[in-house]
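Chemist: Sequence first, then the predicted structure:
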Amino acid sequence: MPHPYLPHTASDIEQMLARCGVDNINDLYSDVPTSLRLKDGYNLPESKSEMEVNAAVKALAGYNKPLVCFAGAGAYDHYTPAAVASLVARSEYLTAYTPYQPEISQGTLQYIFEYQSMMTQLTGMDVCNASMYDGATATAEAMMMAVHSAKKRRRVLVSATLDPKVADVVKTYAHYQDITIDVIPAADGVTDRAAMAEMLATGDVAGVILQTPNYYGILEDFDGFADLIHGSKALMIVNSHASTLGVIKPAGQWGADIAVGEAQSLGIPLSYGGPYLGYMCATRALMRKMPGRIVGATTDENGQRVFVLTLQAREQHIRREKATSNICSNQGLMTLYVGIYMSLMGAAGLREVNRLSSSNAHALAAKLQATGKMSLTYPDKPFLNEFVMTLADGITSAQVLNVLRDNGILAGVAIDDNHLLIAATEKRTNDEINAYASIVKTL
Amino acid sequence: MNRKLYDKLIFELSKPGRCGYSLPHGDNDDTLAQLPAGLLRLDAPALPEVDEPTVVRHYNNQSTNNFGVDTGFYPLGSCTMKYNPKINELLASDSTLTALHPQQPVETVQGVLEVYWNLQRALSEIGGMADFSLNPFAGAHGELTGMLVIRAYHESRNDSARRRVIIPNSAHGTNPASATIAGYDVVEVQSLADGTVDVEDLKSKLDETVAAVMMTNPNTAGMFEKNIPEIASMVHAAGALLYYDGANLNPMLGIVRPGDMGFDVMHINLHKTFSTPHGGGGPGSGPVGVRAGLEQFLPRPHVVKAADGSFSINCDDCSLGRVSSWMGNFSVIVKALAYIMTMGNDGLCQVGPLATLNANYVMNALNDLYKQPVAGPCKHEFVFDGLADKSTGVTTLNVAKRLLDLGFHAPTIYFPLLFHESLMVEPTETESIETLDNFIAAMRQIAIEAHETPELVKSAPHDTPMAHPDETEAAMNPRLTYSDLCK
Amino acid sequence: MSNLYFLPTHEYARVEGNVAFIGISKFAAAQLGNVVYVDMPEEDDEVEAGVEFGAIESVKAASDLFSPVSGTVVEVNEALADNPRLVNEDPETNWIIKVEMSNPAELEKLLSPEAYEKVCEAEKH
């Protein structure tokens, strides 16, 4: 039966079988024991036309109800300019694989190099790899990097203000490698510096993982942290949502050794959680300890500037069981999203996105407080585009989420029964903000 | 693609004062000024300043330096570079899917959860498994997750003596790396001359300290491990689990299911077997499946279906916990499901046989000029150990580079490690006999050139946007950013 | 009696008094090809016989470096940081680390140049 993706005609197959010296394709599988063979195909529906598949998937999409998004918690509803979507669809980019053959892969290599350059600017670090799967796995890889750099110390501290999903992934990776993860307590919504100093004093810490803006949206003050952490020979790892780095002090300027995080906020659609992009940047001293692909510049025989995958000796295909990470790919195309987004936005555009998001978030916080139904949990702490609200007595997170949902609004993310984590981006309008507040008022 | 390199970087097109964005003015007060100065950047990041038309031209021009499946034949062994259907892209970019925040309440994302559920069920059917987690982001991530499932399983039985994983020396490099990251010690098992696992050697290494055996079937030499039933019973008798690296699942479609071969845990590369584009290295997707009895060890969160037909997300504690922030690369999952729906049972059952036919056709058309180290029909891919005539000094690398001149992507080279001059070809089922004939002609031409004009082959490529790069220089003086270039 | 000792993993120890100069053999340097980076320990670090103390990378390969002897690193060859290719030029002059030995008796367990030669012969096949 002809199929649009299968070019073989009956006569093609005959001709090919003759070349192979067999009578039918089955003969090519004579080494597969018949007892194991699939007898009547799969218990799956038969093939469908493109129109039918289109209709069926569109029908599934129709069972969803997109809500006006005031949720963040690691995924942010920023605007993606039309040019991004248009360019990333180019099949020269989309249908290529890892650039093993630099002579015919300069497109991919060049955009990854541009991405690496932009991310080091944003994080204030020296070097950047070609990306990781997501912000959580990037953080877990940073944790492993710290342990490998420290050689014998196998204890890593994570702040209680780190996104709990990220902390969970870090713990999964650590557990089976006998790495101990200890949590630095939070005080008033931020990392408890005194507690951290005390935990570092034992001298067996390989790394410390911090986050700013932290899970509660608070901008943490890491002044003096680098000295404390380096004083006990540990690495300082700072996780930030990439877009916020357009205005807030980045890892490099705090003296961190590794910057990691989720870069979805730089032009990648929400898409129900993926594909996103984990970034990892580091100081030059740690360059050869970084996992994943790295693109570097060199020259070809004609003296042209060209780009290649470099420092590959670190990687799993060479090191096999000696490798310090098993990652053998990157989020390729997602770095293209980020590169194009940052090219369009520039530093001024990123600042503008943050200005708008922040002013919307602060306006919403003020209006929600004015309802008397909720109040800022950490009123004295600075925030950018995300904040935590404590609900008034008698009101639960579930109640707020349900009522707002019925009005087409995603109110945020419940931290527990009476705390709600709420975010705003440049996409939110005053009509939406006012609608949110006026519904809360009726609770 | 280009013959002349487009060599500009976006930074080199920048001019102060240009801008490529437009944003609303905003109705609310600027609050950035109220933030403590000590928490703000000391300086603006040095990003390019470029207008939109310049950005669009730049990335369009840059793309023409690239070769993709849509450009031409891409016989990269073990990567299954099949055609990426366009309808899948269209469906995955539907705004009612891309606009959804992963924390939307489950009752507002029933369509999304049904996509997950349908793919979990379809993959379970195709894999012969009980359940699948779609959370792993890539093949290597799937392997790691699968290894962690195995650790969680042994831990649940308080069997802490199992610290070793046995892996054939023909395995993909990720296998030993994934097992190591999962905290296991790796033991290699030798291959026989035909590339299949040495069962005697395996037997001698199996004991109560072995947690799992990782296998690829067909293996990286393209050969079916015909002793798999015996291997499976040996592994199970030793109390270990058998792991299936799904990188080579494509030729098995319509033929045999890993679960029926005796595998307990497996991963599938949606970007190989199920047609989702490779995107220059990602995003991929590496779902992990398990046989009945191991479902509780799959990572969370996980989509489940209630008796009333509604879908929800299981976030219960499980021993494995989380391997991702959310539930994997959702848009890749949409594409794979659309592919399975389009192909259907009848289409999928043709995939394996036609992929195998294509590989054997090419192998048989070239094995007089190239050295075929293992006899007999291959599956979806085959390995040559370089040119048959080694006297010309032309290497596998030279052949690969010369293919670029002739308009083809190179095969995988110097893998598997079983042979010195490995050249691994995987045509996939979506290539026509005409394309294969053109490739065969090119490979034959190169073999002849190796005799008549060996220098032409050794100095290839000649007709690509760039010549041979200096990789030593790149590794010795790493220049990894635009600021490194400006120094 | 030569003052040169080898591990089967291709590291040598050239002994002068109680100090061992540790590097990789000519054979290993040739096998690796152009060395692009040597990952070295720091002064005062302890090394242990048979245990890795660093790594050496060429464009296409990377190998761990194992110490033939136990002791304290008294000097690392900083010249290799700027020009790792010195290892290719003359691996036995361009040592990687200098170790004050804590247990010179360990030398007896190492290979003589002749015995090491046989290891290399075997690997060529």
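Modeler: All right, it came through fine. Residues are numbered from 1 along each chain as shown, chains lettered A, B, ... in the order given.

Chemist: Can you name the element that comes right after the strand or helix carrying C:Ala13?
Modeler: C:Ala13 belongs to strand C:11-16 when assigned by DSSP states H and E. Using DSSP H and E, the next helix or strand after strand C:11-16 towards the C-terminus is strand C:19-24.

Chemist: C-terminal to that following strand, what's the next element?
Modeler: With DSSP H and E, the next secondary element past strand C:19-24 is helix C:26-32.

Chemist: Does that following helix reach chain A?
Modeler: No - against chain A, helix C:26-32 shows no contacts by Cβ under 8 Å from any Cβ of the partner chain, the least distance being 9.8 Å. Backbone N, C-alpha and C define where each C-beta goes, glycine included.

Chemist: name the helices or strands packed onto that helix?
Modeler: The contact analysis (3 or more Cβ pairs under 8 Å, 6 or more residues apart in numbering or on different chains; DSSP states H and E) places helix C:26-32 against helix C:86-89.

Chemist: count of neighbours near the one residue in chain C that gets nearest to chain A?
Modeler: Of all residues in chain C, the one sitting closest to chain A is C:Ala62 (3.6 Å; Cβ to the nearest Cβ). Neighbour count of C:Ala62, defined by other Cβ atoms under 10 Å in any protein chain shown: 23.

Chemist: what's the answer for the one 5 residues further on, then?
Modeler: Summarising burial for C:Ser67: neighbours were counted as other Cβ under 10 Å, giving 26.

Chemist: contacting residues around stretch C:13-32?
Modeler: The contact list for stretch C:13-32 (Cβ atoms under 8 Å, 6 or more residues apart in numbering or on different chains) reads C:3-6, C:10-12, C:35, C:53, C:56, C:58, C:61, C:63, C:65, C:67-69, C:71, C:74, C:87-88, C:91-92, C:94-101, C:104, C:107, C:110, C:116, C:120, C:123.

Chemist: coming back round to it: isn't the residue of chain C closest to chain A right up against C:Ala55?
Modeler: Yes - with contact defined as Cβ atoms under 8 Å, C:Ala62 reaches C:Ala55; the gap is 5.9 Å.

Chemist: residues from chain B in reach of chain C?
Modeler: Going by Cβ under 8 Å from any Cβ, the residues of chain B near chain C are B:Glu471, B:Thr472, B:Ala475, B:Met476.

Chemist: Just these: which are in helices?
Modeler: The helices, defined by DSSP state H, take in B:Glu471, B:Thr472, B:Ala475, B:Met476 from the residues of chain B next to chain C.

Chemist: got a winner among those for most neighbours?
Modeler: Busiest of those [other Cβ under 10 Å] is B:Ala475, holding 26 neighbours.

Chemist: and the nearest residue to it once chain neighbours are set aside, helix, strand or coil?
Modeler: Leaving aside its sequence neighbours, B:Ala475 sits nearest to C:Val36 (Cβ to Cβ, 6 or more residues apart in numbering or on different chains; 4.0 Å). Following DSSP: H, G, I helix; E, B strand; the rest coil, we place C:Val36 in the strand state.

Chemist: where does C:Val36 land on pLDDT?
Modeler: For C:Val36, the pLDDT comes out at 88.

Chemist: which stretches of the stretch 1-150 of chain A aren't confidently modelled?
Modeler: A:1 (pLDDT under 70).

Chemist: ok, and the closest non-adjacent residue to A:Lys357?
Modeler: Careful, residue A:357 is Ser; it's not Lys. Nearest one to A:Ser357, counting by Cβ to Cβ, 6+ apart, is A:Asn385 at 3.9 Å.

Chemist: Repeat that for A:Val170.
Modeler: A:Ala140 (4.9 Å).

Chemist: Please report the distance of the one you found from chain C.
Modeler: According to Cβ to the nearest Cβ, to the nearest Å, A:Ala140 and chain C sit 23 Å apart.

Chemist: again, but for B:Asp385
Modeler: 17 Å.

Chemist: do the same with A:Gly274
Modeler: For A:Gly274, the distance to chain C - Cβ to the nearest Cβ - is 32 Å.

Chemist: Next: A:Asp223.
Modeler: In terms of Cβ to the nearest Cβ, A:Asp223 sits 29 Å off from chain C.

Chemist: A:Tyr5 reaches B:Asn84, doesn't it?
Modeler: No - using Cβ under 8 Å, A:Tyr5 is not in contact with B:Asn84, being 9.7 Å away.

Chemist: Check the contact lists of the two and give me the overlap.
Modeler: In contact with both A:Tyr5 and B:Asn84: B:Ser275, using Cβ under 8 Å, 6+ apart.

Chemist: Pick out whichever of those two has more residues nearby.
Modeler: B:Asn84 (23 against 17).

Chemist: that's a helix at that one, yeah?
Modeler: No - per three-state DSSP, B:Asn84 lies outside any helix segment and is coil.

Chemist: if I look at the nearest residue to it once chain neighbours are set aside, how far off is B:Pro373?
Modeler: For B:Asn84, ignoring the flanking residues on the chain, the nearest one in space by Cβ to Cβ, 6+ apart is B:Pro277 at 4.1 Å. Distance, B:Pro277 to B:Pro373, by Cβ to Cβ, to the nearest Å: 32 Å.

Chemist: Please, where are all the strands along the stretch 351-487 of chain B?
Modeler: Here the stretch 351-487 of chain B has its strands, by DSSP state E, counting those that start in this stretch, at B:382-385, B:412-413, B:422-425.

Chemist: for these, which one sits closest to B:Asp260?
Modeler: In terms of Cβ to Cβ, the element of the strands of the stretch 351-487 of chain B nearest to B:Asp260 is strand B:382-385, at 24.7 Å.

Chemist: is the closest one anywhere near chain A?
Modeler: No - Strand B:382-385 is not in contact with chain A by Cβ under 8 Å from any Cβ; minimum separation 11.6 Å.

Chemist: Would you list the strands that that strand pairs with, along with their directions?
Modeler: strand B:422-425 (antiparallel) (DSSP bridges).

Chemist: which residues touch B:Leu270?
Modeler: B:Thr276, B:Gly284, B:Ser285, B:Gly286, B:Pro287, B:Val332, B:Ile333, B:Lys335, B:Ala336.
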